[in-house]
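any chance you can model this:
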Amino acid sequence: MLDSIKQSDREFLSHLNELGEATIAQICDAEQVTTNAVRQRLNRLQAAGLIERTAVRQGRGRPQHKYSVTSDGRRLLGDNYYELATVLWKQLASIPDEKLRSRIGEELRRTLVNRYGENVNAADPAERIQQLQQTLQKHGFDIEVEQDEDSVCLTEKACPYHDLAVDDRSICDLEQSVFEQILGMPLQLTQRCVDGHSCCRFEPVLLSTDSE
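This next block holds a predicted model:
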């Protein structure tokens, strides 16, 4: 979901894709930013699987590293379906036949579960949450895992459905139910961007009981 990553990251990916491959120095020249800023962005997008680094040897010296957009990154750059998704969701909500509307909604939920839950299979609940985070990041979600001794939760830094949620909170319910089925545990949506919070926060209910 390209629209769920930061606009600046999307622009950075697009510029790097235009360069083909580039060193940090070349990226700094093109972006007119500092080396530290470029390194931080590269590390974050590389961890998300959107950028890859290759070593290029020139003579006997140390290899030079070049960066390029991965196939996943290029796919995200070409998969900007936000406007279409918005229209389709509103059309779904306007279907007068409640049974038909419910059936289509259930099929949509099942599709999302299959899309994001394919590689979430760990026995430990906390590990499943980590796996879900990794999968969502690959699909462009700006999402993190916050963990301490007593709890672990998913924190969505940028709501991928913000405009939809302003008009229809059921999109939040859909996302929550998708995550719940993938993780095999109930979740509580304790914060929402649409309510003015800085993130959407999904906290597992009775996680400690699950892991006993």
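
let me see the domain layout of the chain.
As assigned by automatic domain parsing, the chain contains the domains 2-78, 82-210.

which parts of the chain are strands?
51-56, 64-69, 143-147, 152-156, 187-191, 200-204 (DSSP state E).

so which residue is dead centre in this protein?
With distances taken as C-alpha atoms, centre = their mean, the residue of the chain nearest its centroid is F141 (1.3 Å).

isn't that one right next to T155, touching?
No - in this structure, F141 is not within contact of T155 by C-beta atoms under 8 Å, at 10.7 Å. (C-beta placed from N, C-alpha, C; glycine too.)

neighbours of T35, how many?
When neighbours are defined as other C-beta atoms under 10 Å, T35 has 11 of them.

I24 is in contact with that one, correct?
Yes - counting by C-beta under 8 Å, I24 is a contact partner of T35 at 6.2 Å.

roughly how far apart are L108 and Q137?
L108 sits 22 Å away from Q137, going by C-beta to C-beta, to the nearest Å.

the more surrounded of those two?
When L108 and Q137 are compared on other C-beta under 10 Å, the one with more neighbours turns out to be Q137, at 19 against 15.

contacts only, for the more buried one.
Contacts for Q137 were tallied using C-beta atoms under 8 Å, 6 or more residues apart in numbering; they are A47, A48, G49, I143.

for D3, give me the pLDDT.
Predicted confidence (pLDDT) for D3: 43.

could I get the pLDDT score of E83?
For E83, the pLDDT comes out at 66.

tell me where the chain has helices.
7-19, 24-31, 35-47, 71-78, 82-93, 98-117, 125-138, 162-167, 170-183, 207-210 (DSSP state H).

identify whichever of those lies nearest to V56.
Among those, the nearest to V56 by C-beta to C-beta is helix 24-31 (12.3 Å).

give the rounded mean pLDDT of the closest one.
Rounded mean pLDDT across helix 24-31 is 92.

before we move on, what about stretch 134-154?
On average, stretch 134-154 scores 85.

of the contacts of Q137, grab the buried ones for ChimeraX.
To isolate the buried members of the contacts of Q137 in ChimeraX, using 16 or more other C-beta atoms under 10 Å:
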select :48,49,143
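
and which of the contacts of Q137 is nearest to K90?
I143 (25.0 Å).

low pLDDT regions in this protein?
By pLDDT under 70, the low-scoring segments of the chain are 1-5, 59, 78-83, 206-212.

state the distance from the residue of it most remote from its centre to T54.
In terms of distance from the mean C-alpha position of the chain, R60 ranks first, at 40.7 Å (C-alpha atoms, centre = their mean). Distance, R60 to T54, using C-beta to C-beta: 19 Å.
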